[in-house]
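In: my questions concern the predicted model and sequence given below.
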Amino acid sequence: MRRSLATGIAAAVVLALAGCVGIPTSGGVNDGAVIDDQVTPDFVVLPKDPVPGSSQEQILTDFMQALSGPQGGYAVAKKYLTSTLATTWDPDAGAIIRSGGYVIEQAGADTFTYSFSSRAIVNNLGQYQEQADAADQTLTFGFAQENGEWRISQAADGIVLSQSAFNVAFRERPLFFFDPSYTYLIPDVRWFPARQSTSTSVVRALLAGPSTWLQQAVVTAFPDATAIGEPVVDSGGVTVDLSTEALSASPLARDRMRQQLVASLDVSNIQMTVRGIELETPDSTGDRALVNPNVDAPVLVGGADGTAFGFDGGSGISQLGSLSTQVIAAGATAATLAADKQSVAIQGPSGSVLVALAGDSAATLIDDGPALVAPSVDPFRFVWSARADDASTILTWEVDGQPHPIATGLPSDNAIVSMRLSRDGTRLLLLLSTPVGPRLVVLGVIRQQNVPVDLGEPIDLPVGSGTPVDATWVDDRTVATIASDDAGSGLITAFEVGGPSTSLGRVQGAVAIAGGNAKTDGLRVLTAAGDIWRPRGSEGWVATGISASFLGTKQ
């Protein structure tokens, strides 16, 4: 018999995700024609069948190991279940990632428990969530004999995997959506079982739309209710068969649909069809959206003596013309350079926020409010400022000084330690100090005609203990923070938005961090002594030989 268990995997997934965000699960998606997907995972685990004569405990042990093989809809794992349970058990309801060992104990004549601790889950939509602290879980399994062999008769939906098994059994596949200007493709990271139908799962998830926290910050080119058959791989690329709704898309929209598919499936060639007939699509060679835009490689700094501002690759600062002149004259303590290098958001020595425009002779004061955090600037030349002691409201400013207040939905007793916009301008990163400890959130930026008008609901990242110091974007899906201990040692941690976190080691006296290119290898950290450090493989963090009064941010 199968029933819902309060301590089961499905319940654990629901509890762990309470208060978190997902995508709609009803409406708007219909099935199309089915074509077998021939995609083969890079590496698979082939679990073993049940061994005749196995005890209940051995059946449970081998069943848990078989969960690392998702091929055929977990066909081998289902052999450990009674014939009744095998038809109703849903392994795709969610996955709990076990963070250590496990304990199997007998709880009754035909009942065993499986206990473990976990910090991360993947829900049925492929959304990964990691907790700052591990939580204990206990699952209950019932047993019955079938044809003289013990089989599992009672189990919750979903699966449990060790971290190493998860790394093999699941694949990270970001779904890509456009920013409202169609300039950038924005990742929405998901995780899918590594099986032949992975490409099908990716495309269906793409058509279902972005995660809730991103929904109003990004757009899709696919017409409403567009559905899919099954993508099939041929020698030249991937063919994706769509429902008739796709016929209503304009030539430009079809090109953008193809861009989303190419990026999400990570292939070089896509052919779209409707009921097997090719959907004519123009070439997008000259009008492709940017994915994970790069920045200039040298570090952006304010000179150690306050007389220079620009890029420093180790042989001195290369200044930025009139922009550098304005930054220096303003006595900047922080600065963010716009992607087009035509403007700089500046924090002056009194904490006020100014903007410097290329060709101007002096920076313009735009916010002289009390206790402001270091400002940011987006691709549409809006400068972002906020009070450090109140996270409930953020101001965005046009370069002529016109303000646009935005309510964050965050408590007013949350203090902002750091505020950084993603390079594509669709997401805002906030490192907060709250009455109950540090908090790290990412919020979607909602725009109308490129003007920021609102923020989506926050998604929390599992920042740990320590004094929050600074945060930055590493690339289009990863952020990094500094957290200081009582001895002033700064722990550097990278967090994938929709993926796991990774400790990157410590830098003594770390006070600021900025991203670059080359993922985490592009990070640079400024110390209180004015030295800039960088990561170097197994050596950890090493000094670059560059000194600075502040570390600038490159959009």
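Out: Received the coordinates, thanks. Source: prediction; values computed, not measured.
In: on contacts alone, who are the packing partners of the helix or strand containing Ser264?
Out: Using DSSP states H and E, Ser264 sits in helix 251-265. With contacts taken as 3 or more Cβ pairs under 8 Å, 6 or more residues apart in numbering; DSSP states H and E, helix 251-265 sits against strand 170-178, strand 184-193, helix 198-208, strand 237-242, strand 270-274. For every residue, glycine as well, the C-beta is placed using N, CA and C.
In: mind redoing it with 10 Å?
Out: strand 170-178, strand 184-193, helix 198-208, strand 237-242, strand 270-274, strand 290-291 (3 or more Cβ pairs under 10 Å, 6 or more residues apart in numbering; DSSP states H and E).
In: I figured Ala483 hits Ser501, correct?
Out: No. With contacts defined as Cβ atoms under 10 Å, Ala483 does not count as touching Ser501, sitting 11.7 Å away.
In: find residues that contact each of the two.
Out: 440, 463-464, 493 (Cβ atoms under 10 Å, 6 or more residues apart in numbering).
In: show me how to select, in PyMOL, the buried members of the residues you listed.
Out: Of the shared contacts of Ala483 and Ser501, the buried ones go into a single PyMOL selection, burial set by 16 or more other Cβ atoms under 10 Å:
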select buried, resi 440+463+493
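In: tell me the one among the shared contacts of Ala483 and Ser501 nearest to Tyr114.
Out: Ranking the shared contacts of Ala483 and Ser501 by separation from Tyr114, with Cβ to Cβ as the measure, puts Gly464 on top at 27.6 Å.
In: spatially nearest residue to that closest one (excluding sequence neighbours)?
Out: Counting by Cβ to Cβ, 6 or more residues apart in numbering, Gly464 lies nearest to Ala132, which is 5.4 Å off, once chain neighbours are set aside.
In: send the alpha carbons of the helix holding Ser264 over as PDB?
Out: Output of helix 251-265 as PDB, limited to C-alpha atoms (Å, rounded to 0.1, in the frame of the first residue of the first chain):
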ATOM      1  CA  PRO A 251       9.600  36.000 -38.200                       C
ATOM      2  CA  LEU A 252      11.400  38.000 -35.500                       C
ATOM      3  CA  ALA A 253       9.700  36.100 -32.700                       C
ATOM      4  CA  ARG A 254      10.700  32.800 -34.400                       C
ATOM      5  CA  ASP A 255      14.300  33.900 -34.500                       C
ATOM      6  CA  ARG A 256      14.100  34.700 -30.800                       C
ATOM      7  CA  MET A 257      12.400  31.300 -30.100                       C
ATOM      8  CA  ARG A 258      15.400  29.600 -31.800                       C
ATOM      9  CA  GLN A 259      17.900  31.700 -29.800                       C
ATOM     10  CA  GLN A 260      16.200  30.500 -26.600                       C
ATOM     11  CA  LEU A 261      16.300  26.900 -27.700                       C
ATOM     12  CA  VAL A 262      19.900  27.000 -28.800                       C
ATOM     13  CA  ALA A 263      21.000  28.600 -25.500                       C
ATOM     14  CA  SER A 264      18.900  26.300 -23.300                       C
ATOM     15  CA  LEU A 265      19.800  23.100 -25.000                       C
END
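In: give the rounded mean pLDDT of it.
Out: Across helix 251-265, pLDDT averages out at 95.
In: repeat for stretch 318-333
Out: In this model, stretch 318-333 has a mean pLDDT of 97.
In: kindly report the same for stretch 379-392.
Out: Confidence over stretch 379-392, taken as the mean pLDDT, stands at 96.
In: related to what we said a few turns ago, isn't the residue nearest to Gly464 up against Val436?
Out: No. Using Cβ under 10 Å, Ala132 is not in contact with Val436; the gap is 11.6 Å.
In: quick one: furthest residue from the center of the chain?
Out: Among residues of the chain, the one most distant from the C-alpha centroid is Gly148; the distance is 48.3 Å, by Cα atoms, centre = their mean.
In: I'd like the distance between that one and Gly516.
Out: 64 Å (Cβ to Cβ, to the nearest Å).
In: ditto for Ala134
Out: Relative to Gly516, Ala134 is positioned 33 Å away (Cβ to Cβ).
In: equivalent analysis for Arg173, please.
Out: Counting by Cβ to Cβ - Arg173 and Gly516 are separated by 25 Å.
In: got it, and Ala263?
Out: Distance of Ala263 to Gly516, given as Cβ to Cβ: 22 Å.
In: now do Arg288
Out: Here Arg288 is placed at a distance of 23 Å from Gly516 (Cβ to Cβ).
In: those two: which is more packed in?
Out: Shown here are Arg288 and Gly516; by other Cβ atoms under 10 Å, Gly516 has more neighbours (22 against 13).
In: ok, now which ones touch that one?
Out: Contacts for Gly516 were tallied using Cβ under 10 Å, 6+ apart; they are 294-300, 472, 474-475, 522-524, 534, 554.
In: and the pLDDT at it?
Out: According to the per-residue confidence, Gly516 scores 93 in pLDDT.
In: so what's the backbone phi/psi at it?
Out: Comment: the main-chain dihedrals of Gly516 come out as phi -140, psi -130, following degrees, to the nearest 10.
In: how much space between it and Val442?
Out: Gly516 sits at a distance of 20 Å from Val442 (criterion: Cβ to Cβ).
In: likewise for Ser489?
Out: Distance, Ser489 to Val442, using Cβ to Cβ: 26 Å.
In: can you check Leu252 too?
Out: Using Cβ to Cβ, one gets 30 Å for the distance from Leu252 to Val442.
In: starting at the chain centroid, how far to the longest strand anywhere in the chain?
Out: Secondary structure of the chain read by DSSP state E shows that its longest strand is strand 128-146. Once both centres are worked out by Cα atoms, centre = their mean, to the nearest Å, strand 128-146 turns out to sit 25 Å from its chain's centre.
In: show me what counts as buried in it.
Out: 128-130, 132, 137-144.
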